[in-house]
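S.K.: Below are the sequence and a predicted model for it; my questions follow.
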Amino acid sequence: MEFYDAVNGRRSVRDFTDEAIPEAKMKRIIEAAYKAPANDHFRDWHFIVVTDPDIKRDLLGGVPKNLTEKDVDQMTFISDPVQKESYRVAVPKQYRMLCDTAAVIVPLMKKKADILHPANLSDLNCYASVWCSIENLWLAAVAEGYGCNLRIPWGEEEAVAQKVLGFPDGYLIPCFIGIGRPAPDAVLTKQIDLHLDELIHWEKF
């Protein structure tokens with residue numbers, strides 16, 4: 001697949017077939033993550049790939065399972081109708097979109113600073129770098145014909161994941177990544193239209 005085809009075809013997928021991903025392809029997808037820029041050059045990231053259904057269920061034990069469209073209607077911060085419709089599709093699937101995938105990939109990054117209370121922007125360099133790697137991974141998945149979704153851990157979800165996966169203290173999960181073959185009837189939410197001429201500035205704002 002051409003690069004811009006992968007970029008333009010990247011969408012959040014929340015409905016999947018039951019097709020497994022061959023290990024060689026999974027390794028190639030994750031290898032792409034390590035081609036991303038890293039703030040300290042060490043690329044000290046780890047990726048745990050979970051395919052066993054029982055482990056996935058335990059891993060996702062802290063993710064809400066009973067969210068509905070009514071929960072979205074109570075989210076007062078949503079005003080744009082396109083955004084609201086996207087949430088109405090996505091929110092009720094927060095558990096299933098991960099549990100029903102071929103695999104859940106759990107990225108790990110070293111906690112080198114308190115990213116929730118940074119002393120300065122440089123404290124966030126390690127966090128920014130791991131997200132570059134996640135974008136590489138996602139585009140590689142698209143190039144291989146797969147789809148992905150993301151969930152950022154909330155509440156006790158990270159603690160539950162650590163207990164299940166056994167990774168050491170000192171690491172942080174930036175997100176859970178669901179990956180698999182998109183279902184033929186997968187619902188893809190509409191994106192907000194952007195006007196690039198209003199967003200790209202030449203020489204000055």
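M.R.: Good, I have the coordinates.
S.K.: what about dumping the CA coordinates of stretch 49-63 to PDB?
M.R.: What follows is stretch 49-63 as a C-alpha-only set of coordinates in PDB (Å, rounded to 0.1, in the frame of the first residue of the first chain):
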ATOM      1  CA  VAL A  49       0.600  -8.500  22.500                       C
ATOM      2  CA  VAL A  50      -2.400 -10.300  24.000                       C
ATOM      3  CA  THR A  51      -4.400 -12.700  21.800                       C
ATOM      4  CA  ASP A  52      -5.700 -15.200  24.400                       C
ATOM      5  CA  PRO A  53      -9.400 -14.500  24.900                       C
ATOM      6  CA  ASP A  54      -9.200 -15.200  28.700                       C
ATOM      7  CA  ILE A  55      -6.200 -12.900  29.200                       C
ATOM      8  CA  LYS A  56      -7.900 -10.200  27.200                       C
ATOM      9  CA  ARG A  57     -11.000 -10.400  29.400                       C
ATOM     10  CA  ASP A  58      -8.900 -10.200  32.500                       C
ATOM     11  CA  LEU A  59      -6.800  -7.400  31.100                       C
ATOM     12  CA  LEU A  60      -9.900  -5.300  30.200                       C
ATOM     13  CA  GLY A  61     -11.600  -6.100  33.500                       C
ATOM     14  CA  GLY A  62     -11.500  -2.400  34.500                       C
ATOM     15  CA  VAL A  63     -13.000  -1.100  31.200                       C
END
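S.K.: which residues are in contact with the lowest-mean-pLDDT helix or strand in the chain?
M.R.: For the chain, using mean pLDDT, DSSP states H and E, the weakest element among its helices and strands is helix 69-73, scoring a mean of 87. Contact with helix 69-73 is made by 78, 84, 87-88, 91-92, as judged by C-beta atoms under 8 Å, 6 or more residues apart in numbering. From N, CA and C alone the C-beta is placed, and that goes for glycine too.
S.K.: Pick the one among these closest to residue 46.
M.R.: residue 91 (29.1 Å; C-beta to C-beta).
S.K.: Wait, residue 106 touches residue 162, no?
M.R.: No: counting by C-beta atoms under 8 Å, residue 106 does not reach residue 162; the two are 9.7 Å apart.
S.K.: ok, these two, which is more surrounded?
M.R.: residue 106 (24 against 18; other C-beta atoms under 10 Å).
S.K.: related to what we said a few turns ago, ranking the contacts of helix 69-73 by neighbours, who comes first?
M.R.: residue 92 (20 neighbours).
S.K.: Thanks again, I'm all set now.
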